[in-house]
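Colleague: Based on what follows, work out the 3D shape:
(2 chains)
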Amino acid sequence: MRMSKLFVQTLREFPSDAEVISHKLLVRAGYIRKLANGIYNYLPLMWRVLKKVENIVREEMDAAGAQELLMPFVQPAELWQESGRWDVYGKELMRLKDRHTREMCLGPTHEEVITSIGREGIHSYKQLPVNLYQIQSKFRDEIRPRFGLLRGREFIMKDAYSFDADEAGLDKSYEIMAEAYRKIFERCGLETKMVQSDSGAIGGSVSHEFMVLVNEDAESNAGENDVFYCPECGYSANSNHAVSVLKEVQTDGKFEKAQIIDTPNTKTIEELAKFLNINASVICKTLIYVVDGKYVAAMIRGDRTIEETKLMNVFAGNDIRIARNDEIEEIMKDSGLNAIAGFIGPKGLKNIQIVADETVKSLKNFVIGCNQTDKHLVGANWGVDVELPQTIKDICLVEKDDKCIHCGANLKVTKGIEVGNIFKLGTKYSKAMNATFTDKDGQEKPFIMGCYGIGISRTAAAAVERHHDEHGIKWPLAIAPYTVIVVPVSDRDEVQMKMAEDIYKKLCDNKVEALIDDRAERAGVKLKDADLIGIPYRITIGKDIKDNLVEFKTRADDVTELITPDEAVKRILAL
RNA sequence: CGGGAUGUGGCGCAGUUGGUAGCGCACUUCGCUUGGGACGAAGGGGUCGCACGUUCGAAUCGUGUCAUCCCGACCA
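Modeller: Model prediction:
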């Protein structure tokens, strides 16, 4: 491709509305252009990158025995009503009506459609297992799209779905996908970590996410997930799912006797601990949440944080948030109490479910809210002064330097970009939608299903997050839009131009994806653009051509060498 | 859904106490220049997000609305 003809517009400055580096660079280097909030045009360079990622995904999925198909982007509400998700998916599901006022939605995922395909096409255990996948645009009306391609509303995703006759079959399908995913990301030039995670709104039991790890100290805050991992045994999990052995702390408050004392203006644990001159770990805090519109109280040791996803899962909820002050007021009123946030305790709360984290069990002579503003109960003990709630679960957020439950080593934490996930769905959809097959024994059984996603556009953006410098992108070779760019320093130097054209022709003749910068630009412009766009190799033809030498530059490490034109071509062909 | 900020040419921005819009980049033409985003000259392109209002007169003031960005969805 000739740069003079390539449809690309590089910008001298970063766009003002971009925050993370992949967004800034992709816009500035002319790969993408925003059409609306969270919706982007993929310009020719970007589309080449996306196709590269797609093809790697296709090759590995096909090799793993999956078959590609394509499902509709617009889906009828009926299917979603069958699965029960029409009412629970929330506002992220973009709903619309056709001219007959039939309700439809834009596909955010395709469990419902694939389940309908399965129940129509698979009738016997002899047909199983089956794994079907597609690569397609998805639409999720995100609360807050941001970070360019990392969290758009419309994005490209590969989604695969497996059908098996039994759990053992699903386990096998799941493992095959996990292995395919490892290969895919490795081929894309991305180091990923497979971490345990919560199964979220899609539903199901076991799930893992593939995370591209991003350094916390990097200027990029693109990693939206916290990943806890054990450097010793390899345990790793998303913070919404991670478990640990907690750090040893003081749990005996050593208060002489139980009594309610004045603790004015101690609305936070920090203030309270300071006021009483005690460790936060001998305080039992109580927080009010709203899960699917219902109030719940959650109790946890004062030095610890509640993991909302875990708490939500205790109630099999879909939505969770902390209660507002006016809601707390309402609860207090209903219970005949009067306390503001900061002084809440379990005693006397009516018509509200209470969950305690396991951390509170071992507390002795502790401090706890007693539902009186500006007062706390100190020296409390379970069963004597306060009843221990019946529901005790792990609802605690893991912290750095907690101990690994498998080997006892200190856990570490890092930020991660989720580029893929795999779920064991089980029979969630097949049961709800009556998708069954006849088993060996003649029994009709629901399919045991799994689903497996890869964010194609997010993977490309994650690659930029990991591979760039202050001059621009450094594409991994496998997903670069072009392999090499040939740059004659002066377009008016006939010797240089002829050599550039010769090299370019040889590369093209050998099916190398090559660019030649034949624009009537000054050298600086051409070199800057080559770096910005991030082509892995550059062959620069300058004055040294009189000695039959050209400059060969590897963008990944910015190493340059003077070699003969033949050698340069040979190196590219050897890739 | 709350809080904050911003909407002026393709991109980045300026525009004072209201007087009818400017700069850099990009674009077109000519000249000159060619190893890290040169220079000179001449050009083209904007109903100042939109609506209503105040005023002789609004990019500027007021009200509303839409959009975009950031923060919060948060630990009692």
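
Colleague: which regions of the stretch 151-300 of chain A lie under the pLDDT threshold?
Modeller: Scanning the stretch 151-300 of chain A for pLDDT under 70 picks out A:199-205, A:215-222.

Colleague: Can you tell me the number of residues neighbouring the residue nearest to A:P15 when sequence neighbours are not counted?
Modeller: Using C-beta to C-beta, 6 or more residues apart in numbering and skipping the chain neighbours, the partner closest in space to A:P15 is A:V27 (4.6 Å). All C-beta atoms are positioned from the backbone trio N, CA, C, and that covers glycine. When counting by other C-beta atoms under 10 Å, one arrives at 21 neighbours for A:V27.

Colleague: correct me, but A:N338 touches A:K375?
Modeller: No: judged on C-beta atoms under 8 Å, A:N338 makes no contact with A:K375 at a distance of 11.1 Å.

Colleague: neighbour-wise, which of the two wins?
Modeller: Comparing A:N338 with A:K375 by other C-beta under 10 Å, the one with more neighbours is A:K375, at 18 against 12.

Colleague: hang on, that one packs against A:N265?
Modeller: No: counting by C-beta under 8 Å, A:K375 does not reach A:N265; the two are 11.6 Å apart.

Colleague: where does A:C396 fall, phi/psi-wise?
Modeller: Phi and psi for A:C396, reported as degrees, to the nearest 10, are phi -100, psi 140.

Colleague: ok, it - contacts?
Modeller: Going by C-beta atoms under 8 Å, 6 or more residues apart in numbering, A:C396 touches A:L246, A:I300, A:R304, A:T305, A:I306, A:E307, A:K310, A:D357, A:E358, A:T359.

Colleague: before we move on, the earlier item: tell me how far the residue nearest to A:P15 lies from A:L515.
Modeller: 20 Å (C-beta to C-beta, to the nearest Å).

Colleague: Can you tell me the closest non-neighbouring residue to the residue in the stretch 401-550 of chain A positioned nearest to RNA strand B?
Modeller: When distances are taken as C-beta to the nearest atom of the strand, the stretch 401-550 of chain A reaches nearest to RNA strand B at A:G542, 1.9 Å away. Excluding the flanking residues, the one nearest A:G542 by C-beta to C-beta, 6+ apart is A:V489, at 4.1 Å.

Colleague: now swap in A:A460 and tell me
Modeller: Nearest one to A:A460, counting by C-beta to C-beta, 6+ apart, is A:V49 at 5.1 Å.

Colleague: Provide a list of residues in contact with that neighbour.
Modeller: A:Y31, A:A460, A:W475, A:I479, A:A480, A:P481.

Colleague: Can I get these in a markdown table including neighbour count?
Modeller: Below are the contacts of A:V49 laid out as a markdown table (neighbours: other C-beta atoms under 10 Å):
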| residue | neighbour count |
| --- | --- |
| A:Y31 | 31 |
| A:A460 | 28 |
| A:W475 | 26 |
| A:I479 | 24 |
| A:A480 | 25 |
| A:P481 | 26 |
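
Colleague: Turn those into a markdown table, columns for secondary structure, pLDDT and distance to A:G383.
Modeller: Shown next, in a markdown table, are the contacts of A:V49 (DSSP: H, G, I helix; E, B strand; the rest coil; pLDDT from 0 to 100; distance: C-beta to C-beta, whole Å):
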| residue | secondary structure | pLDDT | distance to A:G383 |
| --- | --- | --- | --- |
| A:Y31 | coil | 95 | 63 |
| A:A460 | helix | 95 | 57 |
| A:W475 | coil | 97 | 63 |
| A:I479 | helix | 97 | 61 |
| A:A480 | coil | 97 | 66 |
| A:P481 | coil | 97 | 67 |
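
Colleague: nearest to A:E256, of these?
Modeller: Nearest to A:E256 out of the contacts of A:V49 is A:A460 (C-beta to C-beta; 63.3 Å).

Colleague: Might one say that A:E19 is in contact with A:R146?
Modeller: Yes: using C-beta under 8 Å, A:E19 is in contact with A:R146, at 6.7 Å.

Colleague: higher neighbour count, the two?
Modeller: Using other C-beta under 10 Å as the criterion, A:E19 and A:R146 rank with A:R146 on top: 18 against 14.

Colleague: residues in contact with that one?
Modeller: A:E19, A:G38.

Colleague: quick check: longest strand of chain A.
Modeller: strand A:412-426 (DSSP state E).

Colleague: do it and RNA strand B meet?
Modeller: No: on the criterion C-beta under 7 Å from any atom of the strand, strand A:412-426 is out of touch with RNA strand B, staying 13.2 Å away.

Colleague: A:D252 contacts A:K364, doesn't it?
Modeller: Yes: between A:D252 and A:K364 there is a contact under C-beta under 8 Å: 4.4 Å.

Colleague: hmm, back to that, and the residue nearest to A:G542, its phi and psi?
Modeller: phi -60, psi -50.

Colleague: With A:E111 instead?
Modeller: phi -60, psi -40.

Colleague: Tell me how far it lies from RNA strand B.
Modeller: 24 Å (C-beta to the nearest atom of the strand, to the nearest Å).

Colleague: so what's the nearest residue to that residue once chain neighbours are set aside up against?
Modeller: Once flanking residues are discounted, A:E111 sits nearest to A:Y429: 5.1 Å by C-beta to C-beta, 6+ apart. By C-beta under 8 Å, 6+ apart, the residues touching A:Y429 are A:S83, A:E111, A:E112, A:T115, A:G203, A:A435, A:M449.

Colleague: 7 Å instead?
Modeller: A:S83, A:E111, A:E112, A:T115, A:M449 (C-beta atoms under 7 Å, 6 or more residues apart in numbering).

Colleague: For it, give me phi and psi.
Modeller: Torsion angles, degrees, to the nearest 10, at A:Y429: phi -90, psi -40.

Colleague: just A:R119 next, same as before
Modeller: According to degrees, to the nearest 10, A:R119 has phi -70, psi -20.

Colleague: can you check A:M299 too?
Modeller: Backbone phi and psi, for A:M299 under degrees, to the nearest 10, turn out to be phi -110, psi 140.

Colleague: before we move on, which element is the nearest residue to it once chain neighbours are set aside in?
Modeller: Counting by C-beta to C-beta, 6+ apart, A:M299 lies nearest to A:A356, which is 4.2 Å off, once chain neighbours are set aside. In the assignment (DSSP states H and E), A:A356 maps to strand A:353-357.

Colleague: how close does A:G253 sit to A:I485?
Modeller: Taking C-beta to C-beta, one finds A:G253 at 68 Å from A:I485.

Colleague: between those two, which one's more packed in?
Modeller: Higher neighbour count among A:G253 and A:I485: A:I485, with 27 against 23, using other C-beta under 10 Å.

Colleague: Quick check: bridge partners of that one?
Modeller: Counting by DSSP bridges, A:I485 forms beta bridges with A:L515, A:R538.
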